[in-house]
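In: build me a structure from this.
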Amino acid sequence: MSEFDGDASAAHSDDWGDWDDDAREDFAYRWSTPRIPEGVVDSRQHVRDAMLAWGEPEERTETAVLLVSELVTNSVRYSARSATVRCCLRRSCSRIRIQVWDAGGDGIPAQRRPSACETEPDGAARAALSERGRGLLIVTALAAAWGTRQDAGGRLVWADV
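Out: Next up, the predicted model:
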C-alpha cells in the first residue's frame, strides 16, 4: 500500500465531506498512479485488493472498481497539469468512499443529466455509440453520493458506495 505525500492529505483534510465519525485510519487505503491510461488499470486493481482484504461483497467491490475507473479516467483525460493521480479508499461501518485527487484542469466536474436529444430514440442511439461523455452519468447512477471540490492546490472528486 502506498501513502499520500504529507502535503496532499493535509491540504485536503477538510475535503472528506460529511465523512462518518466512526471511520478509522486503519480502514484507509491510499495509492498514487501515473496520469496515463495504465493508471486506470492500476487503480482498479488497488480497489479490488483493498475490498477483498476488507471482506466486502462482490457486488459492492465491482461497483467500487467501476467508479474508480471512471474517476481516474477523468483525471487522466482532463488534468493536464498532473503527473500523478492520488487516490484513497476509505471504509466506515456503512460505506466506502473513493477519492481521486489531481492538480486540476480547466474546470470542475459537474453532475449532468442526459440532454433532451439523448432521451429521444435516435439521440439515445447516438449517445450510446459515443466514446466519451458518460463517465459522470455512470458515477451518478452507481454512487450513493458524489461530489467534487477544487482550489489552488488541485481537484478532489469523491464517490460513496
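In: what about the protein, any weak spots by pLDDT?
Out: By pLDDT under 70, the weakly predicted segments of the chain are 1-26, 106-133.
In: which helices and strands sit right next to the longest helix along it?
Out: Secondary structure of the chain read by DSSP state H shows that its longest helix is helix 58-78. When contacts are defined as 3 or more Cβ pairs under 8 Å, 6 or more residues apart in numbering; DSSP states H and E, helix 58-78 packs onto helix 37-53, strand 84-91, strand 96-102, helix 135-142, strand 154-160. Every residue, glycine included, has its C-beta placed from N, CA and C.
In: how about that helix: buried residues?
Out: Buried residues in helix 58-78, counted by 16 or more other Cβ atoms under 10 Å: 61-76, 78.
In: give me the contacts around it.
Out: 33, 35-37, 39-40, 43-44, 46-48, 51-52, 56, 82, 85, 87, 89, 96, 98, 100, 102, 105-106, 109, 135-136, 138-139, 142-143, 157, 159, 161 (Cβ atoms under 8 Å, 6 or more residues apart in numbering).
In: need the three-state assignment for Cys93.
Out: Three-state assignment for Cys93 (DSSP: H, G, I helix; E, B strand; the rest coil): coil.
In: distance of it from Thr33?
Out: Distance, Cys93 to Thr33, using Cβ to Cβ, to the nearest Å: 28 Å.
In: do Arg155 as well
Out: 16 Å.
In: again with Gly154
Out: Distance of Gly154 to Thr33, given as Cβ to Cβ: 15 Å.
In: next: Ile138.
Out: Ile138 is 20 Å from Thr33, by Cβ to Cβ.
In: these two: who's more crowded?
Out: More crowded of Ile138 and Thr33, by other Cβ atoms under 10 Å: Thr33, with 22 against 13.
In: ok, for that one, nearest residue in space, not its chain neighbours?
Out: Closest residue to Thr33 apart from its sequence neighbours, by Cβ to Cβ, 6 or more residues apart in numbering: Gly39 at 3.7 Å.
In: got the contact list for the one you found?
Out: Taking Cβ under 8 Å, 6+ apart, we find Gly39 in contact with Thr33, Val72, Val76, Val85.
In: correct me if wrong: the last one contacts Trp101.
Out: Yes: here Val85 reaches Trp101: they are 7.2 Å apart, a contact under Cβ atoms under 8 Å.
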